[in-house]
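>>> got a predicted structure plus its sequence, pasted below:
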Amino acid sequence: MGRARHIAGRTLGELARGVGMVAPPDLRRHKGWVGQLLEAALGSTAGSRKGPDFSQLGIELKTIPVDLSGLPRESTFLTVLTPAELVSVEFERSAVMAKLRKVLWLPIQADPAIPLPSRRIGNPHLWSPTPAEEARIRADWELFARWVADGQLDAISAHQGEVLQVRPKARDAKALRLSPDPDGGASMMLPRGFYLRASFTKEILARYYRLPSPP
DNA sequence: TTGTGATCATCT
DNA sequence: AGATGATCACAA
């Protein structure tokens, strides 16, 4: 937290210089660059390994792109949806809950008008779901678990879920994998991932930062 | 090839 | 405007 508070207010360009990284012209072909920069700056070595970014602390680091009001611009990717895990494990032991048990939110200016190296880092917020928040996440998760158990993964759309959603997570729409189908067998389907809706992270951040909420 | 880091590009 | 479905880079 000391490190995170210390970099609050600095620009991505300054931070990059400090860790020997170079800001790309834009994020179109470097969508994960900001997240990777902050990992390097805060000393996370988790890389693409499973588990929390700071394994000893059990803390998951999430940069969150915010607009001029400080409100989230995008949903937040959590983890891939593994059908076998989803139907065999309790919510408390799920990959989703493992990610959400303790999250360090790091707001990053993401207004397109601001050049990438000039964008500033905000104050960190260490968050764990309240019992009420956890109940909402669990209700969505259990809904998805039932659909997958019925072989209906392919029928799930991003419209479902109040706070959690299931969306494609793949190289592209042609990268298919075997998933349980309605016949009890397996068919090639588009891989999915779990995401937190921007409306939900908006609630979380607005409470902590006292940001404007919708009228 | 898969998981982690996400944002992009359209559609409604 | 906001959200959905698609997409991009890199490490292991």
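Perfect, I can see it now. Numbers count the residues shown, from 1 in each chain, chains lettered A, B, ... in the order given.

>>> tell me which helix or strand A:Trp188 sits in.
Trp isn't right for residue A:188; it's Met. Using DSSP states H and E, A:Met188 maps to strand A:186-189.

>>> near DNA strand C, which residues of chain A?
By CB under 7 Å from any atom of the strand, the residues of chain A that approach DNA strand C are A:28-32, A:47-49, A:75, A:157-159, A:165, A:167-174, A:190, A:197-199. All C-beta atoms are positioned from the backbone trio N, CA, C, and that covers glycine.

>>> quick check on these: which are buried?
Buried members of those, counted by 16 or more other CB atoms under 10 Å: A:75, A:165, A:167, A:169, A:190, A:197-198.

>>> which ones among those map onto helices?
Secondary structure from DSSP state H places A:Ala198 of these in helices.

>>> out of the buried ones among the residues of chain A next to DNA strand C, which touch DNA strand B?
Answer for these near DNA strand B (CB under 7 Å from any atom of the strand): A:75, A:169.

>>> pLDDT of stretch A:180-190, averaged?
Averaging pLDDT along stretch A:180-190 yields 92.

>>> which residues make contact with it from outside it?
The contact list for stretch A:180-190, computed with CB atoms under 8 Å, 6 or more residues apart in numbering, reads A:83, A:87, A:148, A:150-154, A:168, A:170, A:173, A:175-179.

>>> for stretch A:127-144, same thing?
Outside stretch A:127-144, the residues that touch it by CB under 8 Å, 6+ apart are A:81, A:86, A:91, A:94, A:96-97, A:100-105, A:156, A:160-166, A:194, A:200, A:204, A:208.

>>> weed out the non-buried ones from the residues you listed.
Among those, the ones that count as buried by 16+ other CB under 10 Å are A:81, A:86, A:91, A:94, A:96-97, A:100, A:102-105, A:156, A:161, A:163-166, A:194, A:200, A:204.

>>> for A:Gly193, which non-adjacent residue is closest in space?
In this structure, A:Gly193 finds its nearest non-sequential neighbour in A:Lys169, 3.1 Å apart by CB to CB, 6 or more residues apart in numbering.

>>> likewise for A:Ile7?
Nearest non-adjacent residue to A:Ile7, counting by CB to CB, 6+ apart: A:Ile121, 5.5 Å away.

>>> check contacts around the one you found.
A:Ile121 touches A:7-12, A:15, A:38, A:106-109, counting by CB under 8 Å, 6+ apart.

>>> alright, calling it a day.
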